[in-house]
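*Asks:* coords below, sequence missing:
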Ligand SMILES: [Zn+2]
């Protein structure tokens, strides 16, 4: 099996981590990774944490983040979580090709859950011609998230450095799904066995998911964490966390739950296939890759 697709099971659900590619963050377009990912970290503890992850403080200039979508075949529904980044980077937009390799045609997907409206999660909603890439799917998004991007609020609240590219993707990739969209505003079951979990902060309606079958659970925590150091230092925010305080509260709630319930965890930006467990460590947690 290629390393772009990783199959696993949650109870009777057949799951698949599917790579959409990766993007390298760093100057001159982005700040150095330590500033981008841990914008409020005090210098001393930051240097210590980086060293523990074999990163050289002051010399860490590139962070290559995987983009990993999740496909779940519940037996009743074929669900895709996030559509990847489309044309965002030179090495992104591989989702559909990888799904096909795994035997999944885009037409077969009946439900697409969008965890939030950032380019790397909605960039594959449409194909090169602007046509819906998953023509038979209903889309599900948190209501506050949709409203944020479709009203003037995003324009007012986004940081000027990222505003242009974020708005460009939202304006191009959200309107085409409007006619097939279900908005949720509370923690409800999206399809049997897959529940929406509120996780605001990274964006106003950022959504996590709990996938349960046969007594097993997968917690998809999406962008509540971007790097494993966020588990160890949950109070450190990324420059792209719109509401840092809320983001930290959501992160703590999800990590607490993951550790307490010993759930398998899926994180969109973690090293492929993005799967692991969350283990309590001191005041924080530690990432244990599966
Ligand atoms: Zn993301």
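*Replies:* Here it is on my side, so go on. Just so we're clear, the structure is a prediction, and the values are computed from it rather than from any experiment.
*Asks:* Just the buried residues of stretch 125-136, please?
*Replies:* Buried residues in stretch 125-136, defined by neighbour count with 16 or more other Cβ atoms under 10 Å: 125-126, 132-134. C-beta here means a position set from N, CA and C on the backbone, and glycine is covered the same way.
*Asks:* Please list the outside residues in contact with that stretch.
*Replies:* Counting contacts by Cβ atoms under 8 Å, 6 or more residues apart in numbering, the residues outside stretch 125-136 that touch it are 80, 83, 86-87, 96, 106-110, 112, 114, 124, 139, 172-174, 176-177, 180.
*Asks:* Pull the distance from it to the chain's centre.
*Replies:* A distance of 20 Å separates the centroid of the chain from that of stretch 125-136, by Cα atoms, centre = their mean, to the nearest Å.
*Asks:* what's the answer for stretch 78-86, then?
*Replies:* How far stretch 78-86 lies from its chain's middle: 10 Å, per Cα atoms, centre = their mean.
*Asks:* again, but for stretch 221-230
*Replies:* Put simply, stretch 221-230 sits 9 Å off its chain's centre (Cα atoms, centre = their mean).
*Asks:* now stretch 157-166
*Replies:* The chain centroid and the centroid of stretch 157-166 are separated by 19 Å under Cα atoms, centre = their mean.
*Asks:* returning to what we had before: with secondary structure, distance to residue 191 and pLDDT added, can I get the buried residues of stretch 125-136 in TSV?
*Replies:* Putting the buried residues of stretch 125-136 into TSV (DSSP: H, G, I helix; E, B strand; the rest coil; distance: Cβ to Cβ, whole Å; pLDDT from 0 to 100) gives the following:
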residue	secondary structure	distance to residue 191	pLDDT
125	coil	19	98
126	strand	23	95
132	strand	19	92
133	coil	20	97
134	coil	15	98
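*Asks:* And those residues, which is closest to the ion?
*Replies:* residue 125 (14.6 Å; Cβ to the ion).
*Asks:* What is the three-state secondary structure of residue 172?
*Replies:* helix (DSSP: H, G, I helix; E, B strand; the rest coil).
*Asks:* Show me the helices in the stretch 51-200 of the chain, by range?
*Replies:* Along the stretch 51-200 of the chain, counting by DSSP state H, counting those that start in this stretch, helices occupy 95-101, 119-122, 143-150, 153-157, 160-173.
*Asks:* Give me the helices and strands touching the shortest one, please.
*Replies:* Read it as helix 119-122. Counting contacts by 3 or more Cβ pairs under 8 Å, 6 or more residues apart in numbering; DSSP states H and E, helix 119-122 packs against helix 160-173.
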